[in-house]
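1. when you get a sec, could you give me coordinates for this:
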Amino acid sequence: MGQKKTGAVVLAGGKGKRMHSRTLKQYLSLGGRPLIVYALEAFEHSPVDEIVLVVGQGERDKICQEIVKPYGFQKISAVVEGGEERYHSVYAGLKAMEGCGYVLIHDGARPLVSEAVIRRAIQGAVDYKACVAGMPVKDTIKEVDEEGFASGTPKRSCLWQIQTPQAFAYPLVRAAYDWLMEKEERQAGITDDAMVVERYGGCQVKLVEGSYENLKVTTPEDMVVAEALLAKNGFRGI
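-> Next comes the predicted model:
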C-alpha cells in the first residue's frame, strides 16, 4: 500500500429525518449496538492509520462519552463538529487530517462496509489518486421529464450505484475542497466527494468494487435489511 499515512474521515452528523425517530440515526440500535459503531470498527480493524469522526453540532461530548470511550477505539485521532451540508462536514474532517498521504471518506450510515472494500478503496487511491466504491445497478433506470414522463433509458451496463468509502490522494482532495469552499456558488449541486474532485481537482475518478451489502441506512426499512445481513454474516447481537 506504500509508506504514506492513510486516514479515514467518518461522517456521523446526519439528522436522519427519514428514519422518523427522535433518536439521531448514528445512535439507533442495530444488533444491540449503536449503528455508528459498525463503520468505526471496520476502519479500526483496517489498514488505515487514523480516523477522524465528524459529528453534528453539539454532539461531540455525547459521542465521545457514549461511543468512542466505551468501545475503546484507538485509531480515532479527533472528533470534530461538522456543518449544515455534507460537504461542510467533509471539509471539517479533511482539515483535521493534515499529514496524511491518502484519505478515505465514509458515511457512518453505511454500517456494513467490509475490510475488503476498504482495502480496495485504499489501493484505488494509491493507483489512481481518486476512486469510489460502487456496484453495477441491477434495475433498469429511467430518465424522467418535469411532468414525470419517461424521457430516456440509459444503458444499464454503463451505470453504477455509488457508495462510500471514496478515497483520494490527500493533497488532491484537500485542494479541491479548498477551492469549493472559497465561493458559495461553487457548492451548488454537490452530492459527493467525487464530484468535488471531478469539478475542482481536474482528476478522473476510478470506480472500484464495493458490495451490494454496503447499503446506506436511510429509512426504517433499511434497518430491517441491515439486521438481516448482520444475522446472515454471523452477528446475532448482544
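
2. from Gly101, how far off is the nearest residue to Ala194 once chain neighbours are set aside?
-> On the basis of Cβ to Cβ, 6 or more residues apart in numbering, the spatially nearest residue to Ala194 that is not a chain neighbour turns out to be Val205, at 4.5 Å. (C-beta placed from N, C-alpha, C; glycine too.) Val205 sits 18 Å away from Gly101 when distances are taken as Cβ to Cβ, to the nearest Å.

3. tell me which of these two has more neighbours.
-> Between Val205 and Gly101, counting by other Cβ atoms under 10 Å, Val205 is the more crowded of the two (21 against 17).

4. just for this structure, where's the confidence low?
-> When residues are selected by pLDDT under 70, those of the chain lie in 1-3, 15-16, 18, 20, 235-238.

5. show me where it has helices.
-> In order along the chain, the chain carries the following helices (DSSP state H): 35-44, 60-63, 86-95, 115-128, 170-182, 193-200, 220-232.

6. residues of the shortest one that come out buried?
-> It stands for helix 60-63. Buried residues in helix 60-63, defined by neighbour count with 16 or more other Cβ atoms under 10 Å: Arg60, Ile63.

7. what do you get for stretch 92-108?
-> In stretch 92-108, counting by 16+ other Cβ under 10 Å, buried: 92-97, 100-108.

8. then stretch 168-188?
-> Using 16+ other Cβ under 10 Å as the test for burial, stretch 168-188 gives Phe168, Ala169, Tyr170, Leu172, Val173, Arg174, Ala176, Tyr177, Leu180, Met181.

9. thinking the fifth one is in contact with Ala130, fair?
-> Yes: distance between Val173 and Ala130: 7.4 Å, which falls inside the contact criterion (Cβ atoms under 8 Å).

10. what is the longest strand anywhere in the chain packed up against?
-> Longest strand in the chain by number of residues (criterion: DSSP state E): strand 160-169. Under the contact criterion of 3 or more Cβ pairs under 8 Å, 6 or more residues apart in numbering; DSSP states H and E, strand 160-169 touches strand 102-107, helix 115-128, strand 130-136, helix 193-200.

11. show me what contacts Val225?
-> Applying Cβ atoms under 8 Å, 6 or more residues apart in numbering, we find Val225 in contact with Leu215.

12. repeat that for Tyr177.
-> With contacts taken as Cβ under 8 Å, 6+ apart, Tyr177 has the following neighbours: Tyr87, Val90, Tyr91, Leu94, Val196, Tyr200.

13. tell me the one among the residues you listed nearest to Leu11.
-> Top of the list for closeness to Leu11, among the contacts of Tyr177 and by Cβ to Cβ, is Val90 at 6.9 Å.

14. now do the contacts for the residue nearest the centre of the chain.
-> The chain has His106 as the residue nearest its centroid, 2.1 Å off, counting by Cα atoms, centre = their mean. Contacts for His106 were tallied using Cβ under 8 Å, 6+ apart; they are Ala8, Val9, Val10, Leu11, Ala39, Phe43, Val113, Thr164, Pro165, Gln166.

15. and the gap between the fourth one and Lys142?
-> Read that as Leu11. Distance check for Leu11 against Lys142: by Cβ to Cβ, it reads 30 Å.

16. more neighbours, these two?
-> Each of Leu11 and Lys142 has its neighbours counted (other Cβ under 10 Å); Leu11 has more, 26 against 11.

17. ok, that one touching Ile105?
-> Yes: at 7.3 Å, Leu11 and Ile105 qualify as touching, with contact defined as Cβ under 8 Å.

18. which residues are in contact with each of these two?
-> Contacts common to Leu11 and Ile105, judged by Cβ under 8 Å, 6+ apart, are Val90, Gly93.

19. got CSV for the helices of the chain, with distance to Gly72 too?
-> Supplementary listing: the helices of the chain in CSV, determined by distance: least, Cβ to Cβ, whole Å:
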stretch, distance to Gly72
helix 35-44, 9
helix 60-63, 14
helix 86-95, 21
helix 115-128, 18
helix 170-182, 27
helix 193-200, 29
helix 220-232, 20
